[in-house]
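Trainee: Predicted model, plus sequence, below.
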Amino acid sequence: MPSDQRPEASRRTLRLTVKVNEDGGYELISVERLHMITPPQPGERPEIGKHGGSWIELRGARGRVLAHRLIDASLLHSTEVHEADRTIHRHFGNPQGIFEVLLPDVDTAREAVLVGTPTRRRAEAKRAVGPSEEIARFDLSPRREGGDQ
Amino acid sequence: MSTSDGYVVGATKIVDHGPDSARWNLVIVGDGYRDTELANYHTHAQSFVTALRGTPPFNTLFCGINVYRIDVVSNQSGADDPGCAGGPAVTANTYFDATFCSLFAGTPMDRLLTINSGVALSVATTHVPQRHQVLCIVNSTKYGGSGGAVATCSVDPQANEIAIHEIGHSAFGLADEYGGNGAGTPAGEPAQPNVTRDTNRATNKWRALIAATTPMPSACDPTCAASTCVPPGAPPAAGAVGTYEGGIYSDCNTYRPLPSCYMRDYSPFCPVCSGVITQVLAPFQPAESINLVTPSISFTNVPAGMGGVGVTTHRAIRWDVVTCRTLTFMITAGPTGGFGTPFGIQTSVGADPNVPAAAARIWLSYTSTNPGDSANGSVTVRCIETGQSWVININANTIARRRTAVSLVLDRSGSMTDDAGDGINKVTKLREAARVFIDTMLPDDGIGLVRFNEAAQRIMEVMEAGVAPGGTGRTTAINNHINTAEIDPAGATSIGDGVVNGRNMLNDAQAAPTPDYDGTAMVILTDGMWNTPPSLASVAGSINAQTYAVGFGLPSNISVPALTTLCQGNNGYLLVTGALTADQSMRLSKYFLQILAGVSNAQIVADPAGVLDINAEHRIPFWICAADFGMDLILLSPYPYAIDFRLEAPDGTLIDPATAGNLQFVSTDKVAYYRCALPVLPGDPAGTHVGQWHAVLRITRKYQGGYRYAAATQRLRVPYEFVAHAYSALTFAAQLTQASYEIGAVAAISAALLEYDQPPRGRATVWAEVQKPDGGPDIVMMPLGNSGRYEAAFPMAVSGVYTFRIRARGETVDGEPFEREQTLTGVAVAGGDHWSPDDPKRDPLCELLDCLRRTGAIDGEFAKRLQALGFDLPALLKCLGRKCRKPSEGGRAIPGVPTNPSLSHYSVAELAEALSLAVRGKGADPDGA
């Protein structure tokens, strides 16, 4: 692809590592600054209250959304099983563990906001769940940063 | 079952498309591989890489991706499998704790294969900080996998698809496109780019891909009673992007772009998903570049061919390309000037699997004409995709065939009277081999002769060989020198002086105004250690000719290291004959013919031997390819005139000495040969050039009568050696080096194979057939090494001469079979590393006896007393004669013993003779005869 067709992309990346606790809470356990290209996030920017699913927003001053990244449901509250007959099924529940998110490393970024379905409602997911809402907010001030690669 | 159950070996970048800071970096880790299974892991990792690269749209985006493989060793193989589906429970202690039947929301799921993602991410970060995606391959053949922070799959052949599907989620934010009962389906518009509730073509998120003729919605799920989907009046066109009901876990009122997609059922990614992947990976793509490496093409100094048939040479116009798509280069004008396009006028090139660059080549050809001719032209090439165009200038010229002046430097020391091993003395063998060499030389090459014993003489200055047979140079060399007493054996061995004289003769030949030789070559034959100055080491640095040597006899009697150094430093090699046996009687002549091939830049195509009897017809096959423009088909035999020697062309045409065409037939007392330009018959170019030829041999009728008598009475048969040389643009050159000459030394063998000056574009296999001193044959495969040469090593475990017949077989770029071969020798002897170029090999026993003789410690009285004591003196003397050469053949100065020149030429053998005389009286035969 000719260079003039390449989309703009940040060459500095933040890698946020988030831990999902037993109580359903989320904890930002590391922030790494990396000299690598941030993959762009195609598609229109989702809006709280309008769109369904999970994503994380990088916000600057006065809550301005600087970038976002969609988050796979497997990272938050479900798992996918690939059966031997080549059918695929997703199962919903309350997983624990960690997940990572790549966002552009923007100097004006202040916080990251996790948007999705609140933990308390996931167990009720026998029917379609409602629009997403903010479920966690992480401070990105320098004291939280866990590395600089 | 944790990190205590193994260890991390390290990381390898298996796909390197550029710096990690500018590429999308995939890290693969393995779990459940023991250290002995890492090779399997490498295969599995490569298999995934191949699968990913072959999955559109990754196939066109792959040069934006780097892949690292981290080798991790587990204590046990496989993965935990509690057997939740009814099978036996299995436990495996692995580094990342891989397990099937993983629990989710309290329920075990048989195919849910998970690992400790935190540990995997940590290991990946340690080795590849700039990673974008981590994949774990688990060493289990059970189908399974999972998504999440680390994509996981087993090594089931189809489990790669699980990993690619899960990477679609985690790296590209794609939603599942399969339906369901609605559990987990968001109520609003899904945030993911590949699923929607919006069937309005004006607002749909992938509306840019929806054709105006495609109905919206495009298809409804008829089983979904609660759906508000209104079925279209007519189905959409096959493959049309639209809105098809069912997706993101609901069969109703959610839509996907196509009926099938990787995110639904592992079908190829739909255009919407492909577009998302392409957008994500676009910033990682290297800028496309096309660099013309060859702005002009020169066919410089291409030699004229044989018999008026030109030599065809190929050169490539080359572009170095960085691209992720297929680019096609096409000739749009030309080539002018008579140049050819042997492989077509266009070529296409795509990205290399593992590095960012690829090379595009369009080949041009030039066929030489007459010496002094030149040609100029140009060709215009266009890249179809980019529209770039280049004009490449082409030039060429033809020169006369390279002419070489050769000096034969021949040992005539006293030991040349010894038996060569087959009952014939060495000097007779030497005369035969020299005659074969001279008879078979190309007419324009020069021949000169040097002889040496304790001193060297130039017995014939370099002369043009001339026509065959009967050329002045040939007949002078053979009749006036080789066949005369000039090389009768006598005296000591000063190889160094012979080399100096050979060098001077060649230098003088080149300095002479005519004829103008393009190169010089020296061929040294010796059967002994040098023992008279100058040393080989002292003269080696002054040699400026291509140098070959033949060590005639046992390696322990030859200055092997010094001659090897001398030859290998001058683009040649040493061959050691060992003791000849009756069935190898023509080995020396064959070695000379092989050296002649090197001097003449000919390639050895076939080299079989046989024995003809009265009723037999031998058909010897050999392959000739389009790169061959001439050939010499040579028959060595004690009685070549008794063999009816014909050729059968690939189309069955029989060629004999009377056939008119591009051929000449020569027959002398030891050799007969056809010298042919190709095609041999100008009127039948297709049938008498490329393909399988046969040499057809049988006893001539003229000699059958006498032969029948001989066969009936003495059971004689006619042995022969057949050698096919090709003059060719497909060249094969082998080399043997050894750092040690001790028993157990390793022979490093290598070979270069070039087709039109380039590495072969077709298949090729190279191997060595090894004849060991103990008679055992062995075969060593020679794989292609990183150096571009075919390489192998062979330990020489027993003492003696090892003969390596190094062979190549394959297909040319045109798919024609070809064969090449070359014979080299290696040597291992006890004490081999104590050889010195300046210090002939010691023989302590002989030195002691020589010293005793010189100092008078033993004399005739001693001999008499020995005999009186019952010693079988003739037998003793015979043994001494065999063991101890004359000083001229191997003796050396003894510290503390006067080096009276009058004594220095005495030998222990002479001592034996003197003792014998003392016992029996003057004139007695030391052998007791």
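Mentor: In hand now; what should we look at? Residues are numbered from 1 along each chain as shown, chains lettered A, B, ... in the order given.
Trainee: can you tell me the residue of chain B closest to chain A?
Mentor: Distance from chain A to each residue of chain B (CB to the nearest CB) is smallest for residue B:186, at 1.9 Å. Yep, even glycine has a C-beta here, placed from its N, CA and C like the rest.
Trainee: pretty sure that residue is touching residue A:49, no?
Mentor: No: counting by CB atoms under 8 Å, residue B:186 stays clear of residue A:49, with 11.8 Å between them.
Trainee: still on that earlier bit, kindly list the main-chain dihedrals of the residue of chain B closest to chain A?
Mentor: Here is the backbone geometry of residue B:186 (degrees, to the nearest 10): phi -70, psi 150.
Trainee: which residue packs closest to residue B:637, ignoring adjacent ones?
Mentor: residue B:720 (4.2 Å; CB to CB, 6 or more residues apart in numbering or on different chains).
Trainee: Residue of chain A closest to chain B, please.
Mentor: For chain A, CB to the nearest CB, closest residue to chain B: residue A:52, 1.9 Å.
Trainee: ok, that residue - how many residues close by?
Mentor: Neighbour count of residue A:52, defined by other CB atoms under 10 Å in any protein chain shown: 24.
Trainee: ok, now how distant is the residue lying closest to the residue of chain B closest to chain A once chain neighbours are set aside from residue B:627?
Mentor: Of all residues beyond its chain neighbours, the one nearest residue B:186 is residue A:52 (1.9 Å), with distances taken as CB to CB, 6+ apart. Between residue A:52 and residue B:627 the distance is 68 Å, computed by CB to CB, to the nearest Å.
Trainee: Same question for residue B:851.
Mentor: For residue B:851 relative to residue B:627 (CB to CB), the value is 61 Å.
Trainee: Of all residues in chain B, which one is nearest the centre?
Mentor: Among the residues of chain B, the one closest to the centroid is residue B:790, at 2.9 Å (CA atoms, centre = their mean).
Trainee: Bridged to it, which residues?
Mentor: Beta-bridge pairing for residue B:790 (DSSP bridges): residue B:751, residue B:784.
Trainee: Return the residues in contact with it.
Mentor: By CB atoms under 8 Å, 6 or more residues apart in numbering or on different chains, the contact set of residue B:790 is B:750-753, B:764, B:766, B:782-784, B:808.
Trainee: Next, count neighbours for residue 71.
Mentor: With no chain named, the answer covers chain A. Neighbourhood size, residue A:71 [other CB under 10 Å]: 23.
Trainee: oops, chain B please
Mentor: For residue B:71, the count of nearby residues is 20 (other CB under 10 Å).
Trainee: Give the buried residues for stretch B:302-317.
Mentor: Neighbour counts using 16 or more other CB atoms under 10 Å in any protein chain shown place B:302-307, B:309-317 of stretch B:302-317 among the buried residues.
Trainee: Likewise for stretch B:424-444?
Mentor: B:426-427, B:429-444.
Trainee: Dump the C-alpha coordinates for that stretch into CSV.
Mentor: Taking Å, rounded to 0.1, in the frame of the first residue of the first chain, the C-alpha atoms of stretch B:424-444 are listed here in CSV:
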residue,chain,number,x,y,z
ILE,B,424,53.0,-51.6,-14.3
ASN,B,425,55.7,-49.2,-13.4
LYS,B,426,54.9,-45.6,-12.6
VAL,B,427,56.7,-44.0,-15.4
THR,B,428,54.7,-46.0,-17.9
LYS,B,429,51.5,-44.9,-16.2
LEU,B,430,52.8,-41.3,-16.3
ARG,B,431,53.5,-41.5,-20.1
GLU,B,432,50.0,-42.9,-20.7
ALA,B,433,48.3,-40.2,-18.6
ALA,B,434,50.4,-37.4,-20.2
ARG,B,435,49.6,-38.6,-23.7
VAL,B,436,45.8,-38.8,-22.9
PHE,B,437,46.0,-35.3,-21.5
ILE,B,438,47.9,-33.9,-24.5
ASP,B,439,45.8,-35.8,-27.0
THR,B,440,42.6,-34.5,-25.5
MET,B,441,43.5,-30.8,-25.1
LEU,B,442,41.6,-28.1,-26.9
PRO,B,443,43.4,-27.1,-30.1
ASP,B,444,44.1,-23.4,-29.1
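Trainee: And the strands in the stretch 551-700 of chain B, which stretches?
Mentor: Secondary structure of the stretch 551-700 of chain B (DSSP state E, counting those that start in this stretch): strands at B:574-576, B:603-606, B:609-612, B:618-624, B:628-636, B:643-648, B:654-655, B:663-667, B:671-677, B:691-699.
Trainee: Reformat these as CSV; add mean neighbour count, distance to residue B:363 and mean pLDDT.
Mentor: CSV is the format used below for those (neighbours: other CB atoms under 10 Å in any protein chain shown; distance: least, CB to CB, whole Å; pLDDT from 0 to 100):
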stretch, mean neighbour count, distance to residue B:363, mean pLDDT
strand B:574-576, 26, 37, 86
strand B:603-606, 24, 21, 94
strand B:609-612, 16, 39, 90
strand B:618-624, 19, 21, 96
strand B:628-636, 25, 17, 92
strand B:643-648, 20, 31, 95
strand B:654-655, 16, 32, 96
strand B:663-667, 19, 30, 92
strand B:671-677, 24, 24, 93
strand B:691-699, 19, 22, 95
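Trainee: got TSV for those strands, with distance to residue B:237 too?
Mentor: As requested, those are exported to TSV (distance: least, CB to CB, whole Å):
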stretch	distance to residue B:237
strand B:574-576	74
strand B:603-606	60
strand B:609-612	72
strand B:618-624	55
strand B:628-636	57
strand B:643-648	63
strand B:654-655	66
strand B:663-667	68
strand B:671-677	63
strand B:691-699	53
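Trainee: Now tabulate those in a markdown table and tack on distance to chain A.
Mentor: Putting the strands of the stretch 551-700 of chain B into a markdown table (distance: least, CB to the nearest CB, whole Å) gives the following:
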| stretch | distance to chain A |
| --- | --- |
| strand B:574-576 | 57 |
| strand B:603-606 | 46 |
| strand B:609-612 | 62 |
| strand B:618-624 | 46 |
| strand B:628-636 | 45 |
| strand B:643-648 | 58 |
| strand B:654-655 | 59 |
| strand B:663-667 | 58 |
| strand B:671-677 | 52 |
| strand B:691-699 | 47 |
